[in-house]
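*Asks:* generate coordinates for the sequence data below:
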Amino acid sequence: MKLSEFWRSMEEEFGRGYARVVAAQTVLDAAGNRTAEEALAAGMKPLAVWQAVCRQHDLPEDRWLGADPGEPR
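*Replies:* The predicted structure follows:
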């Protein structure tokens, strides 16, 4: 997953405006108790951060590959 795919996935799941709020304010257990923004800035791969978001928000596993799982990763 590319960074742009991460943000597209966030926007599709949470809405364009709220996606940035979730990324900035939700502390993710699976990302070392960092927010998505902090985890990305620390070098964590976008797919791993996306999956941490999915876990934290109890999203169904069929969405854990992101907005367009048919694209090569």
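*Asks:* can you name every helix or strand that the helix or strand harbouring Ser4 contacts?
*Replies:* In the assignment (DSSP states H and E), Ser4 maps to helix 3-14. Where contact means 3 or more C-beta pairs under 8 Å, 6 or more residues apart in numbering; DSSP states H and E, helix 3-14 is packed against helix 16-25, helix 36-41, helix 46-56. The C-beta positions use only the backbone N, C-alpha and C, and glycine is treated the same way.
*Asks:* next, the angle helix 3-14 makes with the longest one.
*Replies:* Same thing as helix 46-56. Interaxial angle, helix 46-56 versus helix 3-14 (axes from the mean of the first three to the mean of the last three C-alpha atoms, to 10 degrees): 20 degrees.
*Asks:* now helix 46-56 and helix 16-25, what's the angle there?
*Replies:* Using the same axes, to 10 degrees: helix 46-56 against helix 16-25 is 90 degrees.
*Asks:* mind starting the numbering at 3 from now?
*Replies:* I'll keep to 3 as the first residue from here, and by that count the last item is helix 48-58.
*Asks:* report all helices and strands that helix 48-58 contacts.
*Replies:* For helix 48-58, the packing partners by 3+ C-beta pairs under 8 Å, 6+ apart come out as helix 5-16, strand 29-30, helix 38-43.
*Asks:* closest one to Leu49 among the ones you listed?
*Replies:* Taking C-beta to C-beta, helix 5-16 is the member of the helices and strands packed on helix 48-58 nearest to Leu49, at 7.6 Å.
*Asks:* dump the closest one to PDB, keeping only the CA atoms.
*Replies:* C-alpha atoms of helix 5-16 as PDB (Å, rounded to 0.1, in the frame of the first residue of the first chain):
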ATOM      1  CA  LEU A   5       0.800   6.400   1.300                       C
ATOM      2  CA  SER A   6      -1.800   7.800  -1.200                       C
ATOM      3  CA  GLU A   7      -3.700   4.500  -1.000                       C
ATOM      4  CA  PHE A   8      -3.600   4.800   2.800                       C
ATOM      5  CA  TRP A   9      -5.300   8.300   2.700                       C
ATOM      6  CA  ARG A  10      -7.800   7.100   0.100                       C
ATOM      7  CA  SER A  11      -8.700   4.200   2.300                       C
ATOM      8  CA  MET A  12      -9.000   6.500   5.300                       C
ATOM      9  CA  GLU A  13     -11.300   8.900   3.400                       C
ATOM     10  CA  GLU A  14     -13.500   6.200   2.000                       C
ATOM     11  CA  GLU A  15     -13.900   4.700   5.500                       C
ATOM     12  CA  PHE A  16     -14.300   7.800   7.600                       C
END
